[in-house]
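Peer 1: next come a sequence and a model predicted from it.
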Amino acid sequence: MASNAHVDGMAQTISVTDFASWRALVSQSFVPLNVTARSTTHFQARLRSRSLGDVFVSEVGANPHTVERTPDLIAAGNEPFFKLSLQLAGTALLMQDDREAVLTPGDMAIYDTERPYTLTFDDDFRSLVLMFPQSVIDLPPDAVAQITANRIAGDEGIARVVAPFLAHLTDNMERLTSHSGLRLAHNTVDLVTTMLHSELDTHVGGHNTSHRAALVHDIRAYIDDNLANPSLSPASIARANFISTRHLHGVFKDQGVTVSAWIRSRRLEHCRRDLADAIFADRPVSAIAARWGFTDASHFSRLFRSTFGEPPTDFRERVLGAGTALVTKS
């Protein structure tokens, strides 16, 4: 399954018995990667996967090898993704942003396909990989960069909920219908986002930094709670959070994004979710846009197309049409 697929597909399992085939399959299924191994003789691997809208879920099991995301491969251009790995068996070493994380069964780690990384497996292993576009979570890449290649212990904090949830999702990927799978994928990303927020709070140091992290979290939550209000603005956000507008702009500048751009991206993402949801299939596109604060339907259509590469009506027809076809065949 290609990493740029944006419609739901049936679960598939591919087993390979030669290294060359595995190397090609890995790059096709995720993002382009360099794949090497100390020994390629009698190499065996298996990829069990399914795409749920923009979210790609896979279970990988293989003999020892290393995958690298290099600057040259990044420069070739791909949609920016985050990948979350959950180690199921064996050990992995993840390196990114001058950090290293040794993952044993139950551990997780997040990494960014827009920056170089290396993932090494010294023994036979099995892992779960959740890959999703960076645009679908309410954390800027610069914020996530603070916790890439950090071991997230699966038996601590929110991870105690996330790890078994992901494992059960993978175990049951064949049982998901098209539309329920899309909704569950959104819920999964939301749960992972909550965990990443918690990890950021844990890894920031010092009272001032912790206070700022809490402020950023509160501001983002306020924005998400008020996206439907067309009058949502930097001034109203600052007022509700008891800070100056200048301070608000400074907070977002540190995150590498403007306030207006953040509001726009969150509204667009919620619109895309609704357009892909069969529950809203009979609701006009303009009504969905208005539901999330876009009062000008033409402006919304232009924004959606420039962001996602196709008009909202075409996106909806493609996603819901593909889902209906899959349900009919099952």
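Peer 2: Structure's in. What do you need? The structure displayed is predicted, hence computed values, not measured ones.

Peer 1: how close does the residue positioned nearest the centre of the chain get to residue 163?
Peer 2: Nearest residue to the geometric centre of the chain (Cα atoms, centre = their mean): residue 132, 2.8 Å. Using Cβ to Cβ, to the nearest Å, one obtains 17 Å as the distance from residue 132 to residue 163. All C-beta atoms are positioned from the backbone trio N, CA, C, and that covers glycine.

Peer 1: same deal with residue 268?
Peer 2: 30 Å.

Peer 1: ok, residue 259 next?
Peer 2: Residue 259 is 34 Å from residue 163, by Cβ to Cβ.

Peer 1: same question for residue 112.
Peer 2: Residue 112 sits at a distance of 21 Å from residue 163 (criterion: Cβ to Cβ).

Peer 1: one more: residue 63?
Peer 2: Using Cβ to Cβ, residue 63 is found at 24 Å from residue 163.

Peer 1: the two: who's more crowded?
Peer 2: Set side by side, residue 63 and residue 163 show more neighbours around residue 163, with 24 against 19, by other Cβ atoms under 10 Å.

Peer 1: how about the nearest residue to the more buried one, chain neighbours excluded?
Peer 2: Of all residues not flanking residue 163 in the chain, residue 154 sits nearest, at 3.8 Å (Cβ to Cβ, 6 or more residues apart in numbering).

Peer 1: and residue 182, by the same measure?
Peer 2: Counting by Cβ to Cβ, 6+ apart, residue 182 lies nearest to residue 53, which is 4.7 Å off, once chain neighbours are set aside.

Peer 1: for that neighbour, give me phi and psi.
Peer 2: When read as degrees, to the nearest 10, the backbone of residue 53 gives phi 60, psi -120.

Peer 1: what do you get for residue 123?
Peer 2: Backbone torsions for residue 123, taken as degrees, to the nearest 10, come to phi -140, psi 170.

Peer 1: neighbours of it, how many?
Peer 2: 10.

Peer 1: swap in residue 262?
Peer 2: Per other Cβ under 10 Å, the neighbour tally for residue 262 reads 18.

Peer 1: how close does the residue sitting furthest away from the middle of the chain sit to residue 64?
Peer 2: Farthest-out residue of the chain from its mean C-alpha position, per Cα atoms, centre = their mean: residue 41, at 34.5 Å. As judged by Cβ to Cβ, residue 41 and residue 64 stand 12 Å apart.

Peer 1: give me the domain ranges for this structure.
Peer 2: 12-203, 207-329 (automatic domain parsing).

Peer 1: looking at those domains, which is buried most?
Peer 2: domain 12-203 (a mean of 18; mean count of other Cβ atoms under 10 Å).

Peer 1: quick one on the thing from earlier: so the residue nearest to residue 163 touches residue 103, yeah?
Peer 2: No. Using Cβ atoms under 8 Å, residue 154 is not in contact with residue 103, being 9.5 Å away.

Peer 1: export the helix or strand harbouring residue 288 as CSV, just CAs?
Peer 2: For residue 288, the host element (DSSP states H and E) is helix 285-291. Extracted in CSV, the C-alpha atoms of helix 285-291 (Å, rounded to 0.1, in the frame of the first residue of the first chain):
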residue,chain,number,x,y,z
VAL,A,285,-20.2,20.9,1.9
SER,A,286,-21.0,24.5,2.7
ALA,A,287,-22.8,23.4,5.9
ILE,A,288,-19.8,21.4,7.0
ALA,A,289,-17.5,24.4,6.2
ALA,A,290,-19.8,26.7,8.3
ARG,A,291,-19.9,24.2,11.1
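
Peer 1: if we look at the helix or strand that it is followed by, which residues are touching it?
Peer 2: Tracing the chain past helix 285-291, the next element assigned as helix or strand by DSSP H and E is helix 297-308. With Cβ atoms under 8 Å, 6 or more residues apart in numbering as the test, helix 297-308 has contacts from 135, 264-265, 268, 271-272, 285-286, 289-290, 294, 311-312, 315.

Peer 1: quick check: phi and psi at residue 39.
Peer 2: Backbone torsions of residue 39, given as degrees, to the nearest 10, read phi -140, psi 130.

Peer 1: list the contacts of it.
Peer 2: Listed by Cβ under 8 Å, 6+ apart, the contact partners of residue 39 are 63-64.

Peer 1: show me where the chain has helices.
Peer 2: Counting by DSSP state H, the chain has helices at residues 19-29, 71-75, 141-144, 159-171, 178-203, 207-225, 234-240, 245-254, 259-275, 285-291, 297-308, 312-329.

Peer 1: can I get those helices in a markdown table including distance to residue 84 and mean pLDDT?
Peer 2: Shown next, in a markdown table, are these (distance: least, Cβ to Cβ, whole Å; pLDDT from 0 to 100):
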| stretch | distance to residue 84 | mean pLDDT |
| --- | --- | --- |
| helix 19-29 | 15 | 94 |
| helix 71-75 | 19 | 94 |
| helix 141-144 | 11 | 84 |
| helix 159-171 | 8 | 90 |
| helix 178-203 | 6 | 83 |
| helix 207-225 | 20 | 76 |
| helix 234-240 | 29 | 93 |
| helix 245-254 | 24 | 87 |
| helix 259-275 | 18 | 91 |
| helix 285-291 | 29 | 95 |
| helix 297-308 | 22 | 92 |
| helix 312-329 | 23 | 67 |
